[in-house]
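Student: Dropping the sequence and predicted coords here.
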Amino acid sequence: MISVVSLLIVLALSMLVIRIGAVAFLMTGLSEEVAQFQALSAFSGAGFTTGEAENIVKHPARRRIASLLIRLGSVGVVTSIATLMLSFVGAGQATPERLLVLVLGIFLILGLARSRIFNRILTPIIERLLARYTTLDLRDYAALLHLREDYRIAEIEIGEHIWLANRTIGELSLEDEGLLVLGVKRSGEDYIGVPPRELRLRTGDLLVLYGRKNRLAELSTRALGNQAAHHEAKAEHMRDLDEQRQQMQRMNTT
């Protein structure tokens, strides 16, 4: 029975470490799905070389979190699990009672790991502990910008035949469509944050925008000269503003 309990403790601690790592990644601005995947990847040593992994390597706080997860994963947690399992079975102790306890324990741990209620209780505790006992620059940018809802931050590459090409920020009037220009990435030059209205976009530039998901998707494929789409987007944004004003008025009268 000691072997079974030890195995379950190792499994529970492993999942707790992965959850702490995911919360830490989440607090640096990653989405929940990406944070969970990257925490599991770093802890297991899978080492997926994706664009998301590059964003972690380039970010100092995320790099430190990943490094810690890799170290914890490499101290032998997986090896300990395999050793405990082999000793448990190889010693001739695989009685039905012990196997039943093992299976039930594993299902209980997996159930807690997937429980939204349990995670809602655990996540604030982890966040407070990380904020208090670490020096990481942790911010939940995803929640701050409502990126888990309908809003997104997107990069749009400026091609020769898209509506954005060869026009200044001011000429585009993207704010009338409900979009905010956060910056411009230009090849061979520094990142231009909050670019001035007179900055003219060149072919190959990356325009960084914040706004609603559907509007960003439409803008990225809008053809050169398609002013009708621009006017339609402006009208849609005005309707959204009217709805927000009406909602605010109802709130003020209650």
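Tutor: The structure has been received and is ready for your questions.
Student: before we move on, what SS does Val181 have?
Tutor: strand (DSSP: H, G, I helix; E, B strand; the rest coil).
Student: residues contacting it?
Tutor: Contact analysis of Val181 by C-beta atoms under 8 Å, 6 or more residues apart in numbering lists 169, 174-175, 194-195, 207-209. For every residue, glycine as well, the C-beta is placed using N, CA and C.
Student: Wait, a strand at Ala233?
Tutor: No. Assigned with three-state DSSP, Ala233 falls outside any strand and is helix.
Student: could you show me where the helices are in the stretch 101-250 of the chain, in order?
Tutor: Secondary structure of the stretch 101-250 of the chain (DSSP state H, counting those that start in this stretch): helices located at 116-133, 141-144, 169-172, 213-220, 227-253.
Student: want to throw the ones you listed into CSV with mean neighbour count?
Tutor: As requested, those are exported to CSV (neighbours: other C-beta atoms under 10 Å):
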stretch, mean neighbour count
helix 116-133, 12
helix 141-144, 15
helix 169-172, 16
helix 213-220, 17
helix 227-253, 12
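Student: Now tell me which helix or strand of the protein has the poorest mean pLDDT.
Tutor: helix 77-90 (a mean of 56; mean pLDDT, DSSP states H and E).
Student: circling back to that earlier point, mean pLDDT lowest where, among the helices of the stretch 101-250 of the chain?
Tutor: In terms of average pLDDT, helix 141-144 trails the rest of the helices of the stretch 101-250 of the chain, at a mean of 63.
Student: Where does pLDDT dip in the stretch 51-200 of the chain?
Tutor: Low-confidence regions of the stretch 51-200 of the chain, defined by pLDDT under 70, span residues 51-55, 57-60, 71, 74-103, 106, 109-110, 113-114, 131, 133-149.
Student: Kindly recompute the last result at 80.
Tutor: For the stretch 51-200 of the chain, the stretches flagged by pLDDT under 80 are 51-120, 122-123, 125-149, 187-190.
Student: So which of the contacts of Val181 are in strands?
Tutor: The members of the contacts of Val181 that map onto strands under DSSP state E are 207-209.
Student: Of the residues you listed, which is the most crowded?
Tutor: Leu207 (23 neighbours; other C-beta atoms under 10 Å).
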